[in-house]
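K.L.:
mind looking at a prediction? Sequence and model below.
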Amino acid sequence: MNKKTNQNKTDKHEWDGDVHPEIAAIDHHANLEPAEQLMAIFSAYNHQNRADGTPWNVWPDWELVLTSMEDDLHLVDSRRDTPEILAERQHWLNLMQFMHDSDAVSIDGYTIIIDGMHGHQFTFDMCLEYEYWVSPRSLVEHYQKTNENKKGSLGPPWKRNTLLYFSRHEIEHSLEAFWECPEHVPEYGGQPTRYTHGNRFCIDKEDSDIFPLAMYALIQMCIDDTEVWKMMFEQDMRDIEHHEFMEREWPGGRPDQDWEYQ
């Protein structure tokens, strides 16, 4: 497990006239999609910022071309880079530095593991291709299976994968199924849930959200280890209310011909 593994090219890349050893050590033949490999790229290019304790501001020269990160972000080009592109690059740099520096965040391949400040752990995979967080430890199997099937059921090569071997927006937590809301959560602490049948829950990302910014907010919420439980407990309360309503209205089950509710 790897815990830590205006952007123009500067002499920060240089080392006695050659490429800095950390940048030279990037394995360009490896799969660079996993968060662990992505971190290694950003960390290498920002080696001087790490040494100086300054914000990361060096965008990788070209390595991101080997990933499925959005094409417009790959290469710095002052003639075409819009303010939106520059802002999104900075969001990526901020996210990578935060994950690198935080003692609460660990990275293992695609998987991000977060230790909450109240003792709970949260886990998910970072899917760069679709810009989702997805069910933990699922992407290795996803890419293995989609590669096995790419000559058949995946369709033309210019289309994205249509088979998904993961669940979007799914986060695993360290409590068991039918968990009890942790005691430190205001208002709900100590109360049991009723419709939490597993140790995972979903937190959605809107399609319009900037992925690294949404990831940053998600990780911060997991570290806080409070609001996330409040959100999920309130979801369980809504599920209880819905099921009680259905029982009152149709105690024997909803009729198949009740077209009003189809």
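P.N.:
Noted; the coordinates are in hand.
K.L.:
element containing Met126, please.
P.N.:
Per DSSP states H and E, Met126 falls inside strand 121-127.
K.L.:
for the following helix or strand past that strand, which helices and strands make contact with it?
P.N.:
As assigned by DSSP H and E, the chain's next helix or strand after strand 121-127 is strand 132-134. If contacts are counted by 3 or more C-beta pairs under 8 Å, 6 or more residues apart in numbering; DSSP states H and E, strand 132-134 sits against strand 121-127, strand 170-173. (Glycine included, C-beta is placed from N, CA and C.)
K.L.:
ok so, going back, average pLDDT for the strand holding Met126?
P.N.:
Mean pLDDT, computed over strand 121-127, is 97.
K.L.:
what would the strand or helix carrying Lys230 look like as CSV? C-alpha coordinates only.
P.N.:
Assessed by DSSP H and E, Lys230 sits inside helix 227-249. Extracted C-alpha coordinates of helix 227-249, given in CSV (Å, rounded to 0.1, in the frame of the first residue of the first chain):
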residue,chain,number,x,y,z
GLU,A,227,-22.4,14.8,8.6
VAL,A,228,-22.1,11.6,6.5
TRP,A,229,-23.8,9.6,9.2
LYS,A,230,-26.5,12.3,9.7
MET,A,231,-27.2,12.2,5.9
MET,A,232,-27.5,8.4,5.8
PHE,A,233,-29.6,8.1,9.0
GLU,A,234,-32.0,10.7,7.5
GLN,A,235,-32.2,8.6,4.3
ASP,A,236,-33.1,5.6,6.4
MET,A,237,-35.8,7.6,8.2
ARG,A,238,-37.3,8.5,4.7
ASP,A,239,-37.2,4.8,3.7
ILE,A,240,-39.0,3.9,7.0
GLU,A,241,-41.7,6.5,6.3
HIS,A,242,-42.1,5.3,2.7
HIS,A,243,-42.5,1.6,3.7
GLU,A,244,-45.0,2.5,6.5
PHE,A,245,-47.0,4.5,3.9
MET,A,246,-47.1,1.5,1.5
GLU,A,247,-48.2,-0.8,4.3
ARG,A,248,-51.0,1.6,5.3
GLU,A,249,-52.2,2.0,1.7
